[in-house]
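Asker: got a predicted structure plus its sequence, pasted below:
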Amino acid sequence: MPVQPVAYDPQNIFAKMLRGEIPCLKVYEDDAALAFMDIMPRADGHVLVIPKAPARNLLDVDPAVLAAMAPALTKLAKAVVKATGADGLTMQQFSEPAGGQVVFHLHIHLLPRREGVALRPHTGQIAKTEELEMWAKIRAAL
């Protein structure tokens, strides 16, 4: 059975971050996108990039919104790799619960990778702030 459209919920945690109601460790912001550290990082330097426009996920995003995010994604990918000294990068996006999505505002994970090092499991445990301090290095690499 195909996925049935679900309305965007403006009370999701990322929408609240965009409105300044909830803090985040901001790495980058422009007119189209906001990037911040994932508080449950699967790799050191794990960044999330979200559109400022409301979009539940890749299945309902306006292509123009996605296109407007593209420059931020490439700029951030390069900065994450440079700041972390990574060998490569994994980009992930999950759509709907069956696809692994938990927060229903489109977000793209940028995960710096090292040869032979697996991603940490997603345990749901929030990292200590000092563990997320890579944000300053990534911002400097921009």
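Answerer: Structure received. Residues are numbered from 1 along each chain as shown.
Asker: could you check the pLDDT of the residue lying closest to residue 110 once chain neighbours are set aside?
Answerer: Spatial nearest neighbour of residue 110, excluding adjacent residues (C-beta to C-beta, 6 or more residues apart in numbering): residue 47 at 4.5 Å. Backbone N, C-alpha and C define where each C-beta goes, glycine included. pLDDT for residue 47: 97.
Asker: contact partners for residue 47?
Answerer: Contact partners of residue 47, counting by C-beta atoms under 8 Å, 6 or more residues apart in numbering, are 27, 35-38, 76, 80, 109-110, 138.
Asker: any idea how far it is from residue 63?
Answerer: 23 Å (C-beta to C-beta, to the nearest Å).
Asker: residue 142 now?
Answerer: Counting by C-beta to C-beta - residue 142 and residue 63 are separated by 26 Å.
Asker: re the thing from before, farthest-separated two in the contacts of residue 47?
Answerer: By the measure C-beta to C-beta, 109 and 138 form the most distant pair in the contacts of residue 47, at 13.9 Å.
Asker: what about the two, which has more around it?
Answerer: Between residue 109 and residue 138, counted using other C-beta atoms under 10 Å, residue 138 has the larger neighbour count: 24 against 18.
Asker: tell me the buried residues in whichever strand or helix holds the more buried one?
Answerer: Per DSSP states H and E, residue 138 falls inside helix 134-141. For helix 134-141, a neighbour-count test (16 or more other C-beta atoms under 10 Å) marks 134-135, 137-138, 141 as buried.
Asker: the contacts of residue 47 into CSV, with extra columns for distance to residue 10, pLDDT and secondary structure?
Answerer: What follows is these, written out as CSV (distance: C-beta to C-beta, whole Å; pLDDT from 0 to 100; DSSP: H, G, I helix; E, B strand; the rest coil):
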residue, distance to residue 10, pLDDT, secondary structure
27, 23, 96, strand
35, 20, 98, strand
36, 18, 97, strand
37, 23, 96, strand
38, 22, 96, coil
76, 25, 98, helix
80, 29, 97, helix
109, 22, 98, strand
110, 25, 98, strand
138, 28, 93, helix
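Asker: neighbour-wise, which of these leads?
Answerer: Most crowded among these, counting by other C-beta under 10 Å, is residue 35 at 29 neighbours.
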